[in-house]
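Participant: got a predicted model here, sequence first, then my questions.
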Amino acid sequence: MKKILFLSTLFLLQNIYSQGFSIDIGGGISIPGGDAYEDTNTGLDLKLIQLNYKFNESFGITSSFASSAHGIEDSDGTVGLGRLSIGPSYTLPLGGVSWEFKPQFILSSAGVVDNPDFGDSDIDKANGFVIGNSILFGTNEGFQFLANIDFITGKLKEIEGIEFDEENGYSFFNIGIGVRYNF
């Protein structure tokens, strides 16, 4: 019985890895927009980890944990917003490179505002969407390099227990680079 369980597990893992599991990390610049970020500067975007699973050569699913940080204009303050998102992916081969389109829903988002003029506050709730695009350089084996262009949009819902009734939207246009490892 143990041998059958072991062989079944080994077969399942082999199928998972052969379909195309990969992990990405990356970073770049983040250009802010929207009502909530109108007084902030261009900042830093970090793709802390992105997990990708391909069902076939073209279609898959992607989950990302990323964050953006921006300085507040005319202040020493900063504002940061992290996001956990998930969605489908579509990959189109274009000769020596591939284009990957990844629309995602933001499942959870939270952040912090560090402002010496007004004090610190936590961004407790936010929602939104990510329209992710990557150009993949290299083959689907081992390491690949990425050029990322992402558009993130959403609304802040609550900061330190204060809920927003009016429009308090945010958007980021992120441009960056990264590396992917294909298992």
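Facilitator: Now that the structure is in, tell me what you want to look at. Numbering: from 1, shown residues only.

Participant: what's the helix or strand for the closest residue to residue 104 other than its chain neighbours?
Facilitator: Distance criterion C-beta to C-beta, 6 or more residues apart in numbering; nearest residue to residue 104, sequence neighbours excluded, is residue 87 at 3.3 Å. All C-beta spots, glycine's among them, are computed from the backbone N, C-alpha and C. Using DSSP states H and E, residue 87 falls within strand 78-94.

Participant: let's test this: mean pLDDT of that strand, rounded?
Facilitator: Throughout strand 78-94, pLDDT has a mean value of 93.

Participant: between the helix or strand just after it and strand 78-94, what angle do the directions make?
Facilitator: Next helix or strand after strand 78-94 toward the C-terminus (DSSP H and E): strand 97-115. Following axes from the mean of the first three to the mean of the last three C-alpha atoms, to 10 degrees, one obtains 170 degrees for the angle between strand 97-115 and strand 78-94.

Participant: show me where the chain has strands.
Facilitator: Listed in chain order, the strands of the chain (DSSP state E) span 21-33, 43-54, 59-71, 78-94, 97-115, 119-137, 142-159, 162-163, 169-182.

Participant: how about these in JSON lines, adding mean neighbour count?
Facilitator: Shown next, in JSON lines, are the strands of the chain (neighbours: other C-beta atoms under 10 Å):
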{"stretch": "strand 21-33", "mean neighbour count": "18"}
{"stretch": "strand 43-54", "mean neighbour count": "19"}
{"stretch": "strand 59-71", "mean neighbour count": "19"}
{"stretch": "strand 78-94", "mean neighbour count": "18"}
{"stretch": "strand 97-115", "mean neighbour count": "17"}
{"stretch": "strand 119-137", "mean neighbour count": "18"}
{"stretch": "strand 142-159", "mean neighbour count": "18"}
{"stretch": "strand 162-163", "mean neighbour count": "10"}
{"stretch": "strand 169-182", "mean neighbour count": "18"}
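
Participant: looking at the ones you listed, which has the lowest confidence?
Facilitator: Confidence, taken as mean pLDDT, is least for strand 162-163 of these (a mean of 66).

Participant: roughly how far does the residue nearest to residue 54 when sequence neighbours are not counted sit from residue 130?
Facilitator: Distances taken as C-beta to C-beta, 6+ apart place residue 20 nearest to residue 54, at 3.1 Å, with adjacent residues excluded. Taking C-beta to C-beta, to the nearest Å as the measure, residue 20 falls 21 Å from residue 130.
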